[in-house]
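Asks: Fold the stuff below for me.
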Amino acid sequence: MKSRVRMIVVLVCVFVVLPVVGGLVYSFSVSAEAAARYYAEAIAQGRFEDAMGVESDEADKGSGIELGGVVDLRQGHFVAPNSVGSVRVYPELDVWGRQGASIDLSVNGRTITREIYLERVGVPRPHVGMWRVVSGAAQVETVRAYGYASDVRIGGVSLGRAGATSSDGVAIPAGVSADGVEPQPVNATTVYAYPGVYEVAVDKVSEHTDVLINSEVGASSIELAGYGSDKTISVMPDDETRAWFEGSFDSLARSCFGAEAAQGALCPTFDFSGTVTDEVEEKVWWQTDGLDGLETVWIKTDADVVSVDLAGALCFDEAGDARVMFRVGKEFHYPPNS
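Replies: Model prediction:
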């Protein structure tokens, strides 16, 4: 009876130990090259979740992801799959004991090389064993989005709006100040991305605008490969709207000093004490400063002569129609006989 119990215990131990031993053998039988190739193929094929599953927590170190403010495009997707070229494992470990490797990815007809590092850490996983990527293929890039858009997306991941919106719903380009709106710089967004081509989608505030990607009108995708200058996505007025702005600016600006503002002009509230209101139009002189939306206005009052810089920005109302929003810049007062 005792020998029978002993045999059952031994059999149970054997059945328990064999899978464990088999798992350990498998884990150490997976080469660094095989793990690196699996990782590269997951990226190239757009299987970002699988690629991130191979990365350790250290892989994102220094990217800014952990601090926030960086858009993680690994949550998005490519336009189309890429392919993997060679995978080369370095013959020696680095000074930190990591296994280095270089992977070649074919992106948009060009070869993009990334250097990655792996370590044997964690529990065994299919395809990679105990190998984990501790320094990965994703890199930080800057994408500058500006113009008129309620949302800009790369690979399905939102970068937020381009420009700003005033308190009354008027879409304003970056850098412009209006009631209820603080001036904004160009929206320079830091993204963290695997090398590849991503679809760009834009929610335009008006149909009277064109989308330009790296200055190319009508483009619908952007390549992020970690080289060259910053990438740009701009939503700008089309040629017809730009011509209207340049041709109408002067007359719209003048209308702000008349009895009623012209349609298309969004005028500021002027408060010049002692202005001869019934003669103000006859006592306005203009000095046009090019076509950049700036006029110097001279207004004669009972007390003095006022010089006002009147700036105007092309905006779009909630219906998507073009407007010029004027705002007062510098103001100087002079004696009436100067």
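
Asks: Now for Gly46: which residues touch it?
Replies: Residues near Gly46 by Cβ atoms under 8 Å, 6 or more residues apart in numbering: His77, Phe78, Pro81, Asn82, Gly196. C-betas here are computed from N, CA, C, even on glycine.

Asks: could you pull out the helices for the stretch 151-300 of the chain?
Replies: Per DSSP state H, counting those that start in this stretch, the stretch 151-300 of the chain carries helices over the ranges 239-255.

Asks: where does it dip in pLDDT?
Replies: For the stretch 151-300 of the chain, the stretches with pLDDT under 70 are 174-186, 228, 271-293.

Asks: For it, just list every one of the strands.
Replies: Residue ranges of the strands in the stretch 151-300 of the chain, as given by DSSP state E, counting those that start in this stretch, are 157-162, 164-165, 171-172, 187-193, 196-204, 209-213, 216-217, 221-224, 231-237, 265-266, 284-288, 294-300.

Asks: so which of these gets nearest Met130?
Replies: Go through the strands of the stretch 151-300 of the chain one by one with Cβ to Cβ and the one that ends up closest to Met130 is strand 187-193, at 25.7 Å.

Asks: For that closest one, which strands pair with it and how are they oriented?
Replies: Strands adjacent to strand 187-193 in the sheet, as given by DSSP bridges, are strand 70-72 (parallel), strand 139-147 (antiparallel).

Asks: which helices and strands sit right next to the longest strand along the chain?
Replies: The strand of greatest length in the chain, counted in residues with DSSP state E as the criterion, is given as strand 110-125. Packing contacts for strand 110-125, counted by 3 or more Cβ pairs under 8 Å, 6 or more residues apart in numbering; DSSP states H and E, involve helix 2-29, helix 32-44, strand 99-107, strand 129-135.

Asks: just to revisit the earlier point, quick one: buried ones out of the contacts of Gly46?
Replies: Buried positions within the contacts of Gly46, assessed by neighbour count (16 or more other Cβ atoms under 10 Å), are His77, Phe78, Asn82, Gly196.

Asks: low-confidence ranges in the stretch 1-150 of the chain?
Replies: 1-28, 67.

Asks: redo that, cut-off 90
Replies: Within the stretch 1-150 of the chain, the stretches with pLDDT under 90 are 1-29, 57-58, 60-69, 108, 121-123, 146-148.

Asks: The longest strand of the chain: partners in the sheet, and parallel or antiparallel?
Replies: According to DSSP bridges, strand 110-125 forms sheet pairs with strand 99-107 (antiparallel), strand 129-135 (antiparallel).

Asks: possible to save those as a markdown table with mean neighbour count?
Replies: Compiled in a markdown table, the strands paired with strand 110-125 are given as follows (neighbours: other Cβ atoms under 10 Å):
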| stretch | mean neighbour count |
| --- | --- |
| strand 99-107 | 19 |
| strand 129-135 | 22 |
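
Asks: Specify the stretch among those strands that is closest to Glu33.
Replies: Closest among the strands paired with strand 110-125, using Cβ to Cβ: strand 99-107, at 7.1 Å.

Asks: so who does Ala188 touch?
Replies: Applying Cβ under 8 Å, 6+ apart to Ala188 gives the contacts Thr142, Val143, Arg144, Asp230.

Asks: What is the neighbour count of the third one?
Replies: It stands for Arg144. Residues lying near Arg144 (other Cβ atoms under 10 Å) number 17.

Asks: residues in contact with it?
Replies: Taking Cβ under 8 Å, 6+ apart as the contact definition, Arg144 lies against Val186, Asn187, Ala188, Thr189, Asp230, Lys231, Thr232, Ile233.
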